[in-house]
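**Q** Next one to model:
(2 chains)
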Amino acid sequence: MAAGAFADRGADLELVGIEKRFPGFTAIENLNLTIPAGSFFALLGPSGCGKTTTLRLVAGLEEPTSGRILIGGTDVTNQKSFQRPVNTVFQSYALFPHMTVLENVAFGLRRRKINDPVAKAHEALLLVELDHLAHRKPQQLSGGQQQRVALARAIVNRPALLLLDEPLGALDLKLRRQMQLELKTIQEEVGLTFLHVTHDQEEAMTMADTIAVMNKGRIEQMGEPQQLYELPKTAFVANFLGQSNLFTGPVVSTTSTAIAVDVSGQKIVVPLGRAHRVSGEVTIGVRPEKLTLHKDAPIHDAGRNVMGPGRVIDVSFSGVSTQYLVAVPGVGTLVVFAQNMAFGPAAHVGAQVWLSWNVEHGFGLDDDPADAPRFEADLDTKTIAQQRRSSLVTELEEA
Amino acid sequence: MAFAVFSTATAPSTDPVARRRSPVALFLLLPGILYLVLFFLTPLVSLLLTSFQTPREFGDIGQYDYAFRWQNYTEVITTYWPHIVRSFSYALAATFFALVISYPLAYFIGVKARKWPLLQSLMLVLVIAPFFISFLLRTLAWKQLFSDESFVVQSLKALSLLGPEAHVTGTAFSVIFGLTYNFIPFMTLPLYTTLERLDVRYLEAGNDLYASPFQVFRKVTIPLSMPGIVAGTLLTFIPAAGDYINASRDFLGGTGTQMMGNVIEANFLVLQNYPSAAALSIILMTVILVIVSIYVKRSGTEELL
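**A** Numbering: from 1, shown residues only, chains lettered A, B, ... in the order given. Down below sits the predicted model:
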């Protein structure tokens, strides 16, 4: 970027055939990605999936083994990190401990010889509501305040592309929600391109326009948050982004609009448009909140899939909804989220229930069923913890 | 609430004033205080008193009486001012060269070699290794290397890099070289300890904020390693200013390179002019103290004092 000038708008980011190998392992393999200017893009994945490496490649802190990086159409692959029109909000914030908050924010402006860096730094600090602490040292601020300083230090430069490396990871839940909103507001106000790396699916879904789910150095699926949630392409996405009930079985019949899958003798219908595979062994799934519990076998309805009977093996109340674990013989354990429309649970542990869902809500995965692992619902430990807590509470009250 | 019980039980019951006057702390400090009184304060007072002594009337050489002869100070300053100036300029030059040589070395060991712990320890051992050989022996070895008949000097003369009549020993160069060489470990180790803790993420952040590698070094690395720089330069400058081995005629120095340490030695051991030696020592101490306080104050690392 030319010295003394701000980027007037966000820029596209294009990654072409990026590959990054470290001695012993491949962090990223053949990554192709285009992020349109002005969008809020989230790279979502578990730790070690290559998302932070991708970010560091874009920032210029790592060099790709092969491939090209283009920002606003300019090839920056061979540019050093200080030459790139990119700023990063680091996970550790990395605020310079020997400078005041104000000097930290003015650092980038001074390096680029922008006019009146102090006034612009004050402006940026006002944006994150920290101008009154401008003359403190970073160590004297709380974690949330440091995070906001790090954000101010990056956006004050008006980079064409702002990189966020899990910047909210160290904050508590309430502050995180607040910062998510602030970040989103700032992004819309200044119109920059944001690339946000996170492992928090909720954060990605609430903030980003587009999410790319990354796993083992590859992008599993990319799209709008709702699309990703409602129509996951792989078992990994189906389980990383919320929870899913997955079943495997052969396709037994195909019509012009739907396929029918035999899951341990129960015929489950998935619309053709929502199935990625239409023949042979397939994995299909449905989200837990789309399931309805029935105490009696529901009357046959062409528009609904029915599974059962099964037995409720666990009920856990979580305020807004209740989670049921239902064991269906031959299929496995299914998770059901039911909204608490009435007082008390709809079914108790041991009750015999049937499950049904709208045919339109099912989805078929693209994975080879052999590769698609059945993710066990992680509810049992949670239940144990809740039981421990309730027993502790009664113990304390008695004492 | 059940937790309220704990908050009252753990409320501080001890009076802070009573704790501050605890006799245990005084008792524990006693050995240290005694040591300082015996081995620092007493000699210092004795030195100060000696520096004002006057020669005994009709006495032998080396016989002095207690007095308040402040002229001792003006006398030594007028007589030995070239040595005083030389001491501090040599020490300054040696400190500068030691810093220039040690910083890249410490940076390599502390930052670049982090990926290879074995190399790191090996290089540290190499830095400390000279300590296993006597300071005097090492300086004598350099005298051999720099002597007129040595291979080094002969080769330089053969290449006409040195004039036929030139010497290396006895020059300012060889004294500053000796000081630099002998104090490099004292510079490298404190630098290493701060650079080893340097968080490279700050450097990445600097790079990310449009600072070129040189600017990152100047604006981030140097300020963050300031405690090491201050500690290293003090550990080099203070002993170098008072050094009398390197500048001695028996080692790397000559008549024209005598430093304060040599003058003090000569006055004390040869001329038996104890008041002059004491006055010079007091001057040396005072000047070092003033220089160091200004330096530490200006570098913003007061916590070291």
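
**Q** Neighbours of the closest residue to B:Phe186 other than its chain neighbours, how many?
**A** Distances taken as C-beta to C-beta, 6 or more residues apart in numbering or on different chains place B:Leu235 nearest to B:Phe186, at 4.1 Å, with adjacent residues excluded. Where you see a C-beta, it was placed from the backbone N, CA and C, and this is true even at glycine. Neighbour count of B:Leu235, defined by other C-beta atoms under 10 Å in any protein chain shown: 18.

**Q** Could you confirm A:Ala212 falls within a helix?
**A** No. Read with DSSP: H, G, I helix; E, B strand; the rest coil, A:Ala212 is strand and lies in no helix.

**Q** how close does it get to chain B?
**A** Relative to chain B, A:Ala212 is positioned 22 Å away (criterion: C-beta to the nearest C-beta, to the nearest Å).

**Q** residues contacting that residue?
**A** The contact partners of A:Ala212, by C-beta atoms under 8 Å, 6 or more residues apart in numbering or on different chains, come to A:33, A:41-44, A:219, A:221-222.

**Q** Can you tell me which of those is closest to chain B?
**A** A:Leu43 (17.7 Å; C-beta to the nearest C-beta).

**Q** What does the pLDDT read for that closest one?
**A** If you check A:Leu43, the pLDDT there is 92.

**Q** tell me the contacts of it?
**A** Contacts of A:Leu43 (C-beta under 8 Å, 6+ apart): A:51, A:54-55, A:195-198, A:211-212, A:214.

**Q** re the thing from before, which elements pack onto the host helix or strand of the residue nearest to B:Phe186?
**A** Counting by DSSP states H and E, the element that carries B:Leu235 is helix B:226-241. If you count contacts as 3 or more C-beta pairs under 8 Å, 6 or more residues apart in numbering or on different chains; DSSP states H and E, helix B:226-241 packs onto helix B:71-110, helix B:172-196, helix B:274-299.

**Q** Redo the contacts of A:Ala212 as a markdown table? Include distance to A:Ala134 and secondary structure.
**A** Written out in a markdown table, the entries for the contacts of A:Ala212 read as follows (distance: C-beta to C-beta, whole Å; DSSP: H, G, I helix; E, B strand; the rest coil):
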| residue | distance to A:Ala134 | secondary structure |
| --- | --- | --- |
| A:Leu33 | 37 | strand |
| A:Phe41 | 31 | strand |
| A:Ala42 | 31 | strand |
| A:Leu43 | 32 | strand |
| A:Leu44 | 35 | strand |
| A:Ile219 | 41 | strand |
| A:Gln221 | 43 | strand |
| A:Met222 | 40 | strand |
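
**Q** which one of these sits closest to A:Ala342?
**A** A:Leu44 (35.6 Å; C-beta to C-beta).

**Q** Touching, that closest one and A:Thr206? I think so.
**A** No. The criterion here is C-beta atoms under 8 Å, and A:Leu44 misses it with A:Thr206 at 12.0 Å.

**Q** quick one: which of those two has more around it?
**A** Set side by side, A:Leu44 and A:Thr206 show more neighbours around A:Leu44, with 30 against 14, by other C-beta under 10 Å.

**Q** Spatially nearest residue to that one (excluding sequence neighbours)?
**A** A:Ala204 (4.4 Å).

**Q** go on, A:Leu164?
**A** Nearest to A:Leu164 is A:His196, by C-beta to C-beta, 6+ apart, at 4.3 Å.
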